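1. The amino acid sequence is not available; the structure is as follows:
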């Protein structure tokens with residue numbers, strides 16, 4: 001009798017779990033045009049350019065307020081011209097949440113250090129608490145149903 005009650009609940013819990021959505025990812029490529037100029041190209045995993053994507057550039061001395069806001073062109077490109085007089089790690093944000101890339105661009109007194117450009121990891125949405133809630137709710141219902149069936153027999 002337990003299996004008749006538990007199996008549908010377990011199946012419901014498994015099928016009700018959120019699956020990771022596989023959307024087209026954003027990839028950003030870059031080329032050094034000059035010692036202090038970097039051209040960025042943002043494209044989706046399909047190869048399609050990220051046209052008119054919002055771009056925010058943050059100087060090393062203030063990562064809370066962008067010094068420049070612009071957008072990519074029809075080819076998903078824009079050029080960053082850094083200031084060698086302000087060395088440090090510049091931050092470039094391309095796109096918006098869901099389709100966003102954030103890069104750190106190190107600038108020295110000699111210019112941009114192309115080999116040190118890195119991607120800032122983005123925090124995925126927390127799904128673990130949701131999974132725990134769904135599973136605990138399903139298990140609680142199963143225990144309740146089992147106890148109720150026992151009391152009836």
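-> Looks like it came in fine. The structure presented is a predicted model; accordingly, all values stated were derived computationally and were not measured.
2. And residue 108, how close does it get to residue 59?
-> Computed as C-beta to C-beta, to the nearest Å, the residue 108 to residue 59 distance reads 15 Å. The C-beta positions use only the backbone N, C-alpha and C, and glycine is treated the same way.
3. what residue ranges in the protein are flagged as low confidence?
-> Scanning the chain for pLDDT under 70 picks out 1-24, 121-153.
4. all strands of it, in order?
-> In the chain, the strands defined using DSSP state E lie at 26-34, 37-44, 54-58, 68-71, 77-81, 88-96, 99-108, 111-112, 118-119.
5. So for residue 108 and residue 59, which sits in the more crowded spot?
-> residue 59 (18 against 13; other C-beta atoms under 10 Å).
6. what bridges to the more buried one?
-> residue 62 (DSSP bridges).
7. Then residue 28?
-> Under the criterion used (DSSP bridges), residue 28 bridges to residue 42.
8. Just to check, it is in contact with residue 42?
-> Yes - between residue 28 and residue 42 there is a contact under C-beta atoms under 8 Å: 4.9 Å.
9. joint contacts of those two?
-> Jointly contacting residue 28 and residue 42 under the rule C-beta atoms under 8 Å, 6 or more residues apart in numbering are 94, 101.
10. between the two, which one's more packed in?
-> The residue with more neighbours, out of residue 28 and residue 42, is residue 42; 24 against 21, by other C-beta under 10 Å.
11. My guess is that one contacts residue 94. True?
-> Yes - with contact defined as C-beta under 8 Å, residue 42 reaches residue 94; the gap is 4.9 Å.
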